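Peer 1: Just a sequence and a predicted model for now, questions to come.
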Amino acid sequence: MEQMIQQMGVYFPLVLSGAKALLVLVVGWVLAGMIAGALRRRIAARPEIDPTLGGFVASAVKWAILAMVLVAVLGVFGIEATSLVAMLGAATLAIGLALQGTLSDLAAGFMLILFRPYKIGQYVDIGGTAGTVKDLNLFVTELATPDNVQIIVPNGKAWGSIITNYSHHDTRRVDLVFGIDYSDSADEAMAIILQQVEQDARVKSDPAPWVRVTNLGDSSVDLTARIWCDAADYWDLKFALTKAIKEAFDTKGISIPYPHTVEIRK
């Protein structure tokens, strides 16, 4: 019995230290999340501050707090900060080799926030992966596809890939191609296209709409319309004009031929 009491006396301080460390870790983790969330909301409420910067700063603050929590947890076990620095210095090479991918993502995250090739809310293509930017933090970029699928892109991959930003400029050009039959009048078809384009208020007058014969295909004469609009109106305008011009062609007797070949007999 006396031996059991002695063993409990040996292990009790260790158990107590473990409980304190766990408490510090849990409280620190919760506080880090709360502070980062509050900071993110505070920055989001300021329209003059880029929301991409807000998310990045909130993420950096969260990880900084967690680092301090880690130091506090080690302090519970009697490991002083100076000793911790010495330990980290000795383990720098091993940690760098083990986390080189993560450190690369971290460095790329700073480059992305510094040069800002994309922002939250913009539609981008990163190395062949397209979607709307939902978040940019220290390590990853979160995208949402048009069908609302979440895609996580490591910042290192994003920074090292070709980035196509469809939302960077305020305006975009809509290209529409229509094939008409060789027996139809190209001038009449172009006039119909131009009429439908000019009737839509979303089409900008500068640059002026452009309609030309651009190709003589195997089965059709191809007409191309190039028009400019606000970037936010791109898809709605493209779909609306495609439908309107098709219906106008039907009304005026302009046919859109399907691919076919004509046999010439001698």
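Peer 2: All right, it came through fine.
Peer 1: dump the residue contacts of the most centrally placed residue in the chain.
Peer 2: Geometric centre of the chain, nearest residue: Val133, 2.6 Å, by CA atoms, centre = their mean. Shown in contact with Val133 (CB atoms under 8 Å, 6 or more residues apart in numbering): Thr52, Tyr118, Lys119, Ile120, Gly121, Gln122, Tyr123, Val124, Thr141, Glu142, Leu143. C-beta coordinates here come from the backbone N, C-alpha and C atoms, glycine included.
Peer 1: Flag every buried residue along the helix or strand hosting Ala191.
Peer 2: Assigned by DSSP states H and E, Ala191 belongs to helix 186-199. Using 16 or more other CB atoms under 10 Å as the test for burial, helix 186-199 gives Ala186, Ala189, Met190, Ile192, Ile193, Leu194, Gln196, Val197.
Peer 1: swap in stretch 125-133?
Peer 2: In stretch 125-133, the ones that count as buried by 16+ other CB under 10 Å are Asp125, Ile126, Thr129, Gly131, Thr132, Val133.
Peer 1: Name the nearest of the residues you listed relative to Trp63.
Peer 2: Distance to Trp63, by CB to CB, is smallest for Val133 among the buried residues of stretch 125-133, at 20.5 Å.
Peer 1: before we move on, back to that, looking at the contacts of Val133, state which has the most neighbours.
Peer 2: For the contacts of Val133, the largest number of neighbours (other CB atoms under 10 Å) sits with Thr141, at 28 neighbours.
Peer 1: Assign the closest residue to Gly160 other than its chain neighbours to helix, strand or coil.
Peer 2: Nearest in space to Gly160, with sequence neighbours left out and distances taken as CB to CB, 6 or more residues apart in numbering, is Ala108 at 7.4 Å. Taken by DSSP: H, G, I helix; E, B strand; the rest coil, the conformation at Ala108 corresponds to helix.
Peer 1: my read: Ala108 touches Trp159, true?
Peer 2: Yes: with contact defined as CB atoms under 8 Å, Ala108 counts as touching Trp159 (3.7 Å).
Peer 1: ok, how many other residues are close to Ala244?
Peer 2: Using other CB under 10 Å, Ala244 has 17 neighbouring residues.
Peer 1: try Thr102
Peer 2: Thr102: 15 neighbours (other CB under 10 Å).
Peer 1: Next: Phe115.
Peer 2: 9.
Peer 1: what comes into contact with stretch 177-187?
Peer 2: With CB under 8 Å, 6+ apart as the test, stretch 177-187 has contacts from 189, 193, 213-214, 217, 219-225, 245, 249, 253-257.
Peer 1: hang on, Arg202 packs against Ile227?
Peer 2: No: Arg202 is beyond contact range of Ile227, at 9.1 Å (criterion: CB under 8 Å).
Peer 1: if I look at those two, which residues touch both of them?
Peer 2: The contact lists of Arg202 and Ile227 share Leu237, where a contact means CB under 8 Å, 6+ apart.
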